[in-house]
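**Student:** after the sequence you'll find the predicted model.
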Amino acid sequence: MNFILSISLVYLFGVNLTSAWEDLILAPGGRLDQGQTVSSANGECKLLLQGDGNLIVRKNGNSTWSSGSFNVAPFNTHANVGPFFLKLQRGGAMVIKDDINGDVIYSTRTRNMPLDNTLGGLFFNEDCSITVKANNDHYDLWTNVRTKFYGGNRLDNGEMIKYPINNPQYTLILQNDGNLILFEGVDRSDYDGAQDIIWGAGVTSDAGADKFFLKFTCDGRLVLKEVINNVSVTYWSMSVASTGSGSGGTTAQGYSLILQSDDSTPFGYDPIDAACQTESYTQERFVRPI
């Protein structure tokens, strides 16, 4: 009787701790408390919310990604002591909050994108990356490891891009210190330190910054920005050269970023059949072109 009751409560609050419902982690409105672990159906992928508020993804026991929302110096992103919980909001955002004062210490910022109560949710992908989907189509509202980074998109600290889609070889990550690095491998489990870096921007964000992010602008530039006292300031940028065919400016045509191993030109872009996304806050967090 107690066993049946516990399973019922798990589904009532939107948490599937065994991921028996394919690879669903959280249903819309679902919650994961600190210390809880969710496993994929095959047992290879695990999601853990630590006691410091940091969300960890592991694949076969190796850490592949973290939200970077921890309270440990020198790169602590908050001073809260918790306890913490993870919430998949019905409007599309995945947030980590302090359960005492309600402070948000991490958010995917995918707001105003309602999730279908039956088909939407937070899911494991086959490679153990995690994805927020609105329904059962093949588009992601958010993913911690992207395979496409379109003109107009932004990348927040801790998020990654791997390239190419099939048999990926390279990963770009915006580190928790504000530096942007490119390394050979498909996730953080392949990264063992500075010796693995193919290219790095060689910068760090101001210690007083409230947040920082990478923006792929519609004029073909990668720009690192930090927000200090609600003012957005550029602290690094570079132009990206086209590697594909097509006519017209990047602003009109739209494009997606590619990663390569040449340390003198580590980035390029391919034109796509879609316009570059607008400056809309919602669209820049959206994973596909509009």
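**Tutor:** Sure, I can see it. Numbers count the residues shown, from 1 in each chain.

**Student:** right, and Ser107 touches Ala93 too?
**Tutor:** Yes: under the criterion of C-beta atoms under 8 Å, Ser107 makes contact with Ala93 at 5.5 Å. C-beta: built from backbone N, CA, C; applies to glycine.

**Student:** what segments of the chain are helices?
**Tutor:** 2-12, 250-253, 281-285 (DSSP state H).

**Student:** of these, which shows the lowest average pLDDT?
**Tutor:** Note on the helices of the chain: helix 2-12 shows the lowest mean pLDDT, a mean of 32.

**Student:** which ones are touching Ser40?
**Tutor:** Ser40 makes contact with Ser19, Asp23, Lys46, Phe124, Cys128, according to C-beta atoms under 8 Å, 6 or more residues apart in numbering.

**Student:** let me know the closest of the residues you listed to Asp99.
**Tutor:** Asp99 has its nearest neighbour among the contacts of Ser40 in Lys46, at 21.9 Å by C-beta to C-beta.

**Student:** residue ranges with poor pLDDT in the stretch 151-290 of the chain?
**Tutor:** Residue ranges of the stretch 151-290 of the chain with pLDDT under 70: 243-254, 262-264, 273-274, 277-290.

**Student:** from Phe212, how far off is Ser40?
**Tutor:** Separation of Ser40 from Phe212 (C-beta to C-beta, to the nearest Å) stands at 31 Å.

**Student:** also Arg146?
**Tutor:** 18 Å.

**Student:** check Val104 too.
**Tutor:** 17 Å.

**Student:** please apply the same query to Gly158.
**Tutor:** 11 Å.

**Student:** please enumerate the shared neighbours of these two.
**Tutor:** Here Gly158 and Phe212 share the contacting residues Leu174, scored by C-beta under 8 Å, 6+ apart.

**Student:** out of the two, which sits in the busier spot?
**Tutor:** Phe212 (23 against 20; other C-beta atoms under 10 Å).

**Student:** that one contacts Ser205, doesn't it?
**Tutor:** Yes: applying C-beta under 8 Å, one finds Phe212 in contact with Ser205, separated by 4.2 Å.

**Student:** overlap of the contact sets of those two?
**Tutor:** Joint contacts of Phe212 and Ser205 (C-beta under 8 Å, 6+ apart) are Gly178, Leu224, Glu226, Tyr235.

**Student:** hey, what's the third one bridged with?
**Tutor:** Put plainly, it is Glu226. The partner list for Glu226 in beta bridges (DSSP bridges) reads Phe212, Val233.

**Student:** quick check: it touching Ser232?
**Tutor:** Yes: contact criterion C-beta under 8 Å: Glu226 and Ser232 qualify, at 7.5 Å.
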